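Asker: got a predicted structure plus its sequence, pasted below:
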Amino acid sequence: MSIFNGNDIITLFISIAIMLAFAKTMGTLFNRLNLPSVTGEIIAGIILGPTIMGRLSPWLYLYIFPAPPAIPYITLEGFILLGAVFLLLVAGLEVDLSSVIRQGRSVILITIISIIIPFSLGMIATVLYPNLFGADDKIIPLAIFVGISVSITALPLIARILLNMQLFHTDFGMLIMTSAVLKDLTGWFLFSVLIQMLLTGSISGYAIARIIALTILVSVLILTLLRYLINYILPRIQSGADWQGRVITFTMVTGLILSALTETIGVHAIFGAFLAGIAIGDSPHLREQARNTISQFVDNIFAPLFFVSIGLRTDFISNFTILLPVILLVIIYGGKISATLIAARFTAMKTNEAMALASGMSSSGIMGIILGIFALHNGLIHENLYEAIVLTAVVTSILSGPLMKFFLKPDENINLVDLIVNKLYLSDLKAHSSSEAINIMSAKLEGYHGLRAGNIACLVIQREEMMSTGIGNSIAIPHAKVPGLKKPCIVAARSEYGVDFDSIDGRPAHLIFMILTPPGSQQSQIKLLADISHIFSNRQTRENAMKAASYRDFMAIIKPAYKTNRGPAK
């Protein structure tokens, strides 16, 4: 017999329908304003919650969103928890553990410094002003939490911003994603340990050492043994016509099982979901199309429910204070900007690149909010600090993209059209794989500006192994930084049958641009990728370029398109 009566079913379905519809409407509106859709979804929850609707019509608010212990409330909380778990699962899918390992010392140095400084500032501020942060008798755990919350990065949001700015496949994009991955791994590890300290009620040295050892053991087992098992299973799941559905099911089931497992042994469920995402996302057998399909599924169903819920039970007016979010913003931006500027002194990074990196890393976004929710539910923080964390996440999410654009101004002295020359153009590339295509294109460079084809192919293939360069719409942009190269050069190719560059939309690449730039030339790489994006944003231009029989025909198509789109490309 069902525990639901007729009214329960009506209330539950109406509440979910309103939450989804209003969240997606607000998210779409904010997207059109070039603002993160997450911000619109959070504001939708604030409007539906006690802050707005609860004040204007309390009876309607309580009818649609009944208080506990009502059955619709408990059921809705289950959906919201699933949203948090699946969001962490998707965040883990963005992690390429293998590329993190290959990045080298400079990325690790940047990450360590950009964790230590904000974390220390957050802890110091909490200890100095305990009343402001709402400390009771848990000042040390609270200080650790504040340090984590100002250090962590919104990994899924950063990925979307980089994609929108055509920076995701650049070396700068890989740098910021790798650093964000390391920061989030550290942050969620520390938070998982912190939650267990609270649940066990012990902060003794032995208890802390036990929790840390257990968390490390679980992480190692998932990221080694389970990862190898996933690498064995995935190719078999992805065979057949209905492979996408099977991959989604496998990913969700794995995420839920590991969440339950980690919760059972005393490590928080959301950390299990994050590790599950990393283990699956790091597999070389997981195609970008499958990764994108899973993200779309979560982003359009579970994520809106979760983000609306942020404002659904909290009154952001009655407990609001401006001082706390201002302090958090000062710590976040001051700490991360100073950290990246210090790190830049020990690496080859330019000042403007360091500022752009700090701007992107300052967004706490989704991850910061999830931290705040679980800290609130576990009694670690009060509502005033939770509200400050949400407001800070919204502000940093909105500012990240514009600040990165401001500091990463492209090099206007170069353009794609001038660099595509007849000698470096292939009108009919015949290759069966991305590696074969890169080798054939590299052969065109033998002796050009003193370049050696074998060295170029090796550099470009190594970069391709770190992150695929299929950007969708049948275009690929394999690239590399070449020591000793004085100025950028491009090998352009047209492939009639297409080459698989593991594109996000699953299509083979028919237009391939191999971009070589001098080391430390981020702006030139960004400008060339922006040119490609703008020139081929028009479907007719892409289709005509794919049919071009010669270099002259190809240039006759892209030159007018470049002039037309030159304004936006700047």
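Answerer: The structure has been received and is ready for your questions.
Asker: got the contact list for T11?
Answerer: Residues near T11 by Cβ atoms under 8 Å, 6 or more residues apart in numbering: 63-64, 66, 70, 72. C-beta coordinates here come from the backbone N, C-alpha and C atoms, glycine included.
Asker: could you report the distance from it to I64?
Answerer: Counting by Cβ to Cβ, to the nearest Å, the gap from T11 to I64 is 7 Å.
Asker: one more: R291?
Answerer: Separation of R291 from I64 (Cβ to Cβ) stands at 35 Å.
Asker: who touches stretch 383-393?
Answerer: Contacts of stretch 383-393 (Cβ under 8 Å, 6+ apart): 42, 133-134, 146, 149, 154, 310-311, 314-316, 319-321, 324-325, 328-329, 332, 363-366, 368-369, 371-373, 375-376, 381.
Asker: how about stretch 415-434?
Answerer: Outside stretch 415-434, the residues that touch it by Cβ under 8 Å, 6+ apart are 437, 440-441, 444-445, 448, 464, 468, 476, 478, 488-497, 499-502, 512-513, 527-528, 531-532, 535, 548-551, 554-555, 558-559, 562.
Asker: listing partners with orientation, what would you give for the longest strand along the chain?
Answerer: Longest among the strand segments of the chain by residue count, using DSSP state E, is strand 489-499. Strand 489-499 pairs in its sheet with strand 425-426 (parallel), strand 509-517 (antiparallel), by DSSP bridges.
Asker: after the shortest one, which helix or strand is next?
Answerer: Remark: after strand 425-426, the chain's next helix or strand is helix 434-443, criterion DSSP states H and E.
Asker: what's the helix or strand just after that following helix packed up against?
Answerer: Under the assignment DSSP H and E, the closest C-terminal helix or strand after helix 434-443 is helix 453-466. The contact analysis (3 or more Cβ pairs under 8 Å, 6 or more residues apart in numbering; DSSP states H and E) places helix 453-466 against helix 97-102, helix 434-443, strand 479-481, strand 509-517.
Asker: now with 6 Å, please.
Answerer: Counting contacts by 3 or more Cβ pairs under 6 Å, 6 or more residues apart in numbering; DSSP states H and E, helix 453-466 packs against helix 434-443, strand 479-481.
Asker: so which bits of the first one are buried?
Answerer: Spelled out, that is helix 434-443. Under the neighbour-count criterion of 16 or more other Cβ atoms under 10 Å, helix 434-443 has 434-435, 437-442 buried.
Asker: cool, and stretch 440-454?
Answerer: Under the neighbour-count criterion of 16+ other Cβ under 10 Å, stretch 440-454 has 440-442, 444-445, 448, 451, 453 buried.
Asker: next one: stretch 550-562
Answerer: Neighbour-count burial for stretch 550-562 [16+ other Cβ under 10 Å]: 551, 554-555, 557-558, 561-562.
Asker: would JSON lines of those with pLDDT and distance to R345 be doable?
Answerer: Formatted as JSON lines, the buried residues of stretch 550-562 follow (pLDDT from 0 to 100; distance: Cβ to Cβ, whole Å):
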{"residue": "Y551", "pLDDT": "90", "distance to R345": "45"}
{"residue": "F554", "pLDDT": "89", "distance to R345": "44"}
{"residue": "M555", "pLDDT": "90", "distance to R345": "44"}
{"residue": "I557", "pLDDT": "89", "distance to R345": "46"}
{"residue": "I558", "pLDDT": "87", "distance to R345": "41"}
{"residue": "A561", "pLDDT": "81", "distance to R345": "42"}
{"residue": "Y562", "pLDDT": "79", "distance to R345": "38"}
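Asker: closest one to N352 out of those residues, please.
Answerer: Taking Cβ to Cβ as the measure, N352 lies nearest Y562 of these, at 25.4 Å.
Asker: can you pull the contacts of that closest one?
Answerer: 417, 535 (Cβ atoms under 6 Å, 6 or more residues apart in numbering).
Asker: kindly provide the distance from it to D282.
Answerer: Y562 is 38 Å from D282, where distance means Cβ to Cβ.
Asker: compute the inter-axis angle for the longest helix anywhere in the chain and strand 509-517.
Answerer: Scanning the chain for the longest helix, with DSSP state H as the assignment, gives helix 171-200. Going by axes from the mean of the first three to the mean of the last three Cα atoms, to 10 degrees, helix 171-200 is angled at 90 degrees with respect to strand 509-517.
Asker: quick one: low-confidence ranges for the stretch 101-250 of the chain?
Answerer: Residues of the stretch 101-250 of the chain meeting the criterion pLDDT under 70: 101-106, 155-157, 160, 163-166, 169, 196, 198-208, 240-241.
Asker: in stretch 260-279, what counts as buried?
Answerer: Of all the residues in stretch 260-279, those buried under the rule 16+ other Cβ under 10 Å are 261-262, 266-279.
Asker: send me that stretch as CSV with only the CA atoms.
Answerer: Only the C-alpha atoms of stretch 260-279 are listed here, as CSV (Å, rounded to 0.1, in the frame of the first residue of the first chain):
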residue,chain,number,x,y,z
ALA,A,260,26.4,4.5,-0.5
LEU,A,261,29.7,2.7,0.1
THR,A,262,31.6,5.8,1.3
GLU,A,263,28.7,6.8,3.5
THR,A,264,28.6,3.3,5.1
ILE,A,265,32.3,3.3,6.0
GLY,A,266,32.2,6.8,7.4
VAL,A,267,33.4,8.9,4.4
HIS,A,268,30.7,11.3,3.2
ALA,A,269,28.5,10.2,0.2
ILE,A,270,29.2,13.2,-1.9
PHE,A,271,32.9,12.5,-1.8
GLY,A,272,32.1,9.0,-3.1
ALA,A,273,30.2,10.4,-6.0
PHE,A,274,33.1,12.8,-6.8
LEU,A,275,35.6,9.9,-6.8
ALA,A,276,33.2,7.8,-8.9
GLY,A,277,33.1,10.6,-11.5
ILE,A,278,36.9,10.9,-11.5
ALA,A,279,37.3,7.1,-12.0
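Asker: quick one: T251 and V220, what's the gap?
Answerer: Taking Cβ to Cβ, one finds T251 at 21 Å from V220.
Asker: after the helix or strand containing Q540, next one along is what?
Answerer: For Q540, the element it lies in under DSSP H and E is helix 539-547. Per DSSP H and E, the first helix or strand lying C-terminal to helix 539-547 is helix 551-564.
Asker: which secondary element of the chain has the worst mean pLDDT?
Answerer: Least confident element among the helices and strands of the chain, by mean pLDDT, DSSP states H and E: helix 566-569 (a mean of 43).
Asker: so where is the stretch 451-570 of the chain shaky, pLDDT-wise?
Answerer: Ranges of the stretch 451-570 of the chain meeting pLDDT under 70: 520-521, 564-570.
Asker: swap in 50 and give it another go.
Answerer: 567-570 (pLDDT under 50).
Asker: so I471, which of the three states?
Answerer: Put simply, I471 is strand when judged by DSSP: H, G, I helix; E, B strand; the rest coil.
Asker: so which of the buried residues of stretch 260-279 are in helices?
Answerer: Counted as lying in helices by DSSP H, out of the buried residues of stretch 260-279, are 261-262, 269-279.
Asker: nearest to P50 among the contacts of T11?
Answerer: I64 (12.0 Å).
Asker: how much space separates the closest one from I301?
Answerer: 19 Å.
Asker: same check, this time on L256
Answerer: From L256 to I301 the distance is 15 Å (Cβ to Cβ).
Asker: now do L56
Answerer: L56 sits 28 Å away from I301, taking Cβ to Cβ as the criterion.
Asker: same thing with R345?
Answerer: As judged by Cβ to Cβ, R345 and I301 stand 46 Å apart.
Asker: counting neighbours, go ahead and name the busier of those two.
Answerer: For R345 versus I301, neighbours defined as other Cβ atoms under 10 Å are more numerous around I301 (15 against 9).
Asker: and L223, how many residues sit next to it?
Answerer: 16.
Asker: same deal with the one 5 residues further on?
Answerer: The burial metric for Y228, expressed as a neighbour count using other Cβ under 10 Å, is 12.
Asker: how about K563?
Answerer: Neighbourhood size, K563 [other Cβ under 10 Å]: 11.
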